[in-house]
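Engineer: generate coordinates for the sequence data below:
(one chain, ligands or ions: 1)
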Amino acid sequence: MSAAEADWTSAVGLLAAYDEVVLACHVGPDGDALGSMLALGIALRDRGTKVRASFGSEPFEVPAAYTGLPGLDLLVPVAQIPEAPGLLVIFDTGSIDRLGALADRVPAAADVLVIDHHVSNTRFGTVNLVDVDAAATAVVVVELLDRLGLPLTAEIAAPVYTGLVTDTGSFKYAGTTPAVHELAARLLATGIRHDLISRDIWDNASFGYVQLLGAACARAVLEPAAVAGLGLVWTTVTDADLTATGLALSDVEGVIDVVRTAREAEVAAVLKHDPADGWLKVSTRSKGAVDVGAVCGSLGGGGHRFAAGFTSGDDIDGTLDQLRAALAAAPHLPV
Ligand SMILES: [Mn+2]
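Structural biologist: Next comes the predicted model:
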């Protein structure tokens with residue numbers, strides 16, 4: 001369902017009322033979170049608004065895939081974000097806890113505009129533009145720009161395209177509608193270098209990542225009987241992997257995209273040990289027969305129907321047992 005007309009009117013009203021805004025997106029920002037935030041940030045700055053943007057990850061670093069995006073000069077560390085913003089706009093973030101170090105700005109802000117497409121969104125804004133049918137938050141941002149009467153320049157189109165290709169898996173996933181391709185055509189017509197954007201996102205791994213991928217794939221386990229016979233494939237990323245390759249947890253989110261290609265398994269999972277807090281970060285993907293968003297939701301996490309995750313304070317065996325039980329009980333969707 002698209003956002004209600006009254007919410008669009010409220011959102012446009014808020015952005016017209018403030019000449020200074022703070023933008024935020026979820027920790028460990030992906031292409032859609034960062035791209036959506038930068039796109040609106042550039043558009044607002046172009047019309048004369050003072051814009052500060054941030055995300056609550058520590059360390060505060062833009063992932064390598066996105067260091068070529070326009071608008072990165074809008075980013076400031078969390079310490080430079082006012083403790084009580086006037087208008088706080090939040091992108092691609094289903095719940096307050098996903099804001100990390102910026103979570104405390106939500107109750108302190110005078111107005112909070114939430115722009116998102118997660119099914120699990122808790123509507124924590126004073127105004128919520130949540131379109132669970134949108135292929136990306138960036139799609140919602142473009143509709144907002146259109147309603148604000150702000151031009152879609154090439155500088156804005158680049159981060160929007162980044163969000164769109166990230167969240168559609170390069171236009172592969174279900175939800176890639178004719179409207180998605182029409183938006184892509186509109187973005188390309190601005191003259192953006194979509195080839196360079198895609199190379200930065202998908203063909204930009206370090207050699208250490210290739211080695212880590214090999215290690216993680218070599219120890220992957222296939223459980224054909226899991227998921228009520230549909231199959232589960234899973235692997236781990238360990239502290240030793242990260243130390244040996246000099247990579248951070250945020251560098252290894254693509255491991256799941258390789259593990260999930262095993263056709264023998266309906267569901268794929270990657271369990272990553274976070275050296276910072278000792279918790280397991282579990283990513284899951286479904287080929288379409290199981291709602292892993294609901295499964296991860298039942299385990300305290302969330303996400304999308306076919307791409308979701310949760311965190312676990314348990315060890316690998318205990319976490320897998322919980323995941324197996326939830327997957328075995330999950331209803332099978334019509335494909
Ligand atoms: Mn998204």
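Engineer: from start to finish, how long is stretch 39-57 in a straight line?
Structural biologist: One end of stretch 39-57 sits 20 Å from the other (CA to CA, to the nearest Å).
Engineer: so which bits of that stretch are buried?
Structural biologist: 39-45, 49, 51-57 (16 or more other CB atoms under 10 Å). For the C-beta atoms, the positions are set from N, CA and C on the backbone; glycine is no exception.
Engineer: what's the answer for stretch 145-155, then?
Structural biologist: Of the residues in stretch 145-155, those buried (16+ other CB under 10 Å) are 145, 148, 150, 152-153, 155.
Engineer: which ones are touching the residue of the stretch 151-300 of the chain found nearest the ion?
Structural biologist: Ranked by CB to the ion, the top residue of the stretch 151-300 of the chain for proximity to the ion is D167, at 4.5 Å. Listed by CB atoms under 8 Å, 6 or more residues apart in numbering, the contact set of D167 reads 30-32, 117, 135-138, 173.
Engineer: from A289, how far off is it?
Structural biologist: 21 Å (CB to CB, to the nearest Å).
Engineer: ditto for A174
Structural biologist: Separation of A174 from A289 (CB to CB): 12 Å.
Engineer: out of the two, which sits in the more crowded spot?
Structural biologist: Regarding A174 and A289, a neighbour count based on other CB atoms under 10 Å identifies A289 as having more, with 17 against 12.
Engineer: the more buried one touches L230, doesn't it?
Structural biologist: Yes - the pair A289 and L230 qualifies as a contact (CB atoms under 8 Å) at a distance of 6.0 Å.
Engineer: need the overlap of contacts for these two.
Structural biologist: 266, 332.
Engineer: right, and the helix or strand after the helix or strand hosting L23?
Structural biologist: Element membership of L23, judged by DSSP states H and E, is strand 20-25. Per DSSP H and E, the first helix or strand lying C-terminal to strand 20-25 is helix 31-46.
Engineer: against which helices or strands is that following helix packed?
Structural biologist: Counting contacts by 3 or more CB pairs under 8 Å, 6 or more residues apart in numbering; DSSP states H and E, helix 31-46 packs against strand 20-25, strand 50-55, strand 87-91, helix 137-148, helix 154-167.
Engineer: hmm, the third one touching the ion?
Structural biologist: No - counting by CB under 5 Å from the ion, the ion is not contacted by strand 87-91; separation bottoms out at 8.4 Å.
Engineer: average pLDDT for that strand?
Structural biologist: Per-residue pLDDT over strand 87-91 has a mean of 98.
Engineer: could you dump that strand to CSV, C-alpha only?
Structural biologist: Provided in CSV are the C-alpha atoms of strand 87-91 (Å, rounded to 0.1, in the frame of the first residue of the first chain):
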residue,chain,number,x,y,z
LEU,A,87,12.8,18.4,11.6
LEU,A,88,14.4,15.0,11.5
VAL,A,89,13.9,12.9,8.3
ILE,A,90,14.7,9.2,8.5
PHE,A,91,15.3,6.9,5.5
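Engineer: direction included, what does it pair up with?
Structural biologist: Strand 87-91 has the following sheet partners, assigned by DSSP bridges: strand 20-25 (parallel), strand 111-116 (parallel).
Engineer: what's the most buried one of the ones you listed?
Structural biologist: Comparing the strands paired with strand 87-91 by mean neighbour count (mean count of other CB atoms under 10 Å), strand 111-116 ranks first with a mean of 26.
Engineer: got the CA coordinates for whichever helix or strand comes after it in CSV?
Structural biologist: As assigned by DSSP H and E, the chain's next helix or strand after strand 111-116 is strand 127-130. C-alpha atoms of strand 127-130 as CSV (Å, rounded to 0.1, in the frame of the first residue of the first chain):
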residue,chain,number,x,y,z
VAL,A,127,4.5,11.7,9.7
ASN,A,128,5.2,8.4,8.0
LEU,A,129,5.6,7.9,4.3
VAL,A,130,5.7,4.2,4.2
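Engineer: could you say what helices and strands strand 127-130 packs with?
Structural biologist: The contact analysis (3+ CB pairs under 8 Å, 6+ apart) places strand 127-130 against helix 5-17, strand 111-116.
Engineer: CSV please, covering those and showing distance to S206.
Structural biologist: Converted to CSV, the helices and strands packed on strand 127-130 look like this (distance: least, CB to CB, whole Å):
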stretch, distance to S206
helix 5-17, 39
strand 111-116, 31
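Engineer: distance to L99 and mean pLDDT added to the ones you listed, as a markdown table?
Structural biologist: Converted to a markdown table, these look like this (distance: least, CB to CB, whole Å; pLDDT from 0 to 100):
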| stretch | distance to L99 | mean pLDDT |
| --- | --- | --- |
| helix 5-17 | 19 | 97 |
| strand 111-116 | 11 | 98 |
